[in-house]
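Colleague: Predicted model, plus sequence, below.
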Amino acid sequence: MRVGPVYTPPEHRGRGYAAMATAAVSRAALDSGAREVLLFTDLANPTSNALYHRLGYRPVQDHLVLSLTPEEHTADRNRSARSLPGEADGGLAGKGRESPRTRLEEAQ
């Protein structure tokens, strides 16, 4: 399952809305049987990357999106695919398993 896009309007940032929504959707996906939950992040956004790390997402693959037409202003956007493994694979913490964040730190 893929989560996204996750966006909070500037006037509503810093209140935890994205964190609560992303955590709830991720948990619901895993509870409904998803073996893995995927989202894409903007590598230039340390706030969202830190949030996804705290939720247990781990980096899977980096992407570079290039635009070859001058009309498009999305050139050179670095993105990273992140995965949240399902419970059977050591997913979201809270059911008596080690924290995925710990697993991520140990894997690096």
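Modeller: On my side now, so go ahead. Numbers count the residues shown, from 1 in each chain.

Colleague: Helices of the protein, start to end?
Modeller: 17-31, 46-55, 100-107 (DSSP state H).

Colleague: Would you mind identifying the helix or strand in the protein with the lowest mean pLDDT?
Modeller: When the helices and strands of the chain are compared on mean pLDDT, DSSP states H and E, helix 100-107 comes out lowest with a mean of 33.

Colleague: What's the end-to-end length of stretch 3-19?
Modeller: With C-alpha to C-alpha, to the nearest Å applied, stretch 3-19 spans 12 Å between its terminal residues.

Colleague: what's next to it, contact-wise?
Modeller: Contacts to stretch 3-19, defined as C-beta atoms under 8 Å, 6 or more residues apart in numbering, come from residues 21-22, 25-26, 29, 37-40, 48, 51, 54-55. C-beta here means a position set from N, CA and C on the backbone, and glycine is covered the same way.

Colleague: so R82 touches R58, yeah?
Modeller: Yes - taking C-beta atoms under 8 Å as the contact criterion, R82 and R58 are neighbours in contact, 6.4 Å apart.

Colleague: what about the two, which has more around it?
Modeller: R82 (23 against 18; other C-beta atoms under 10 Å).

Colleague: which non-adjacent residue is nearest the more buried one?
Modeller: Closest residue in space to R82, ignoring its immediate chain neighbours: Y57 at 4.0 Å, by C-beta to C-beta, 6 or more residues apart in numbering.

Colleague: ok, back up a step: ok, which of the helices of the chain comes nearest L64?
Modeller: Each of the helices of the chain was scored for nearness to L64 using C-beta to C-beta, and the closest is helix 46-55 (16.3 Å).
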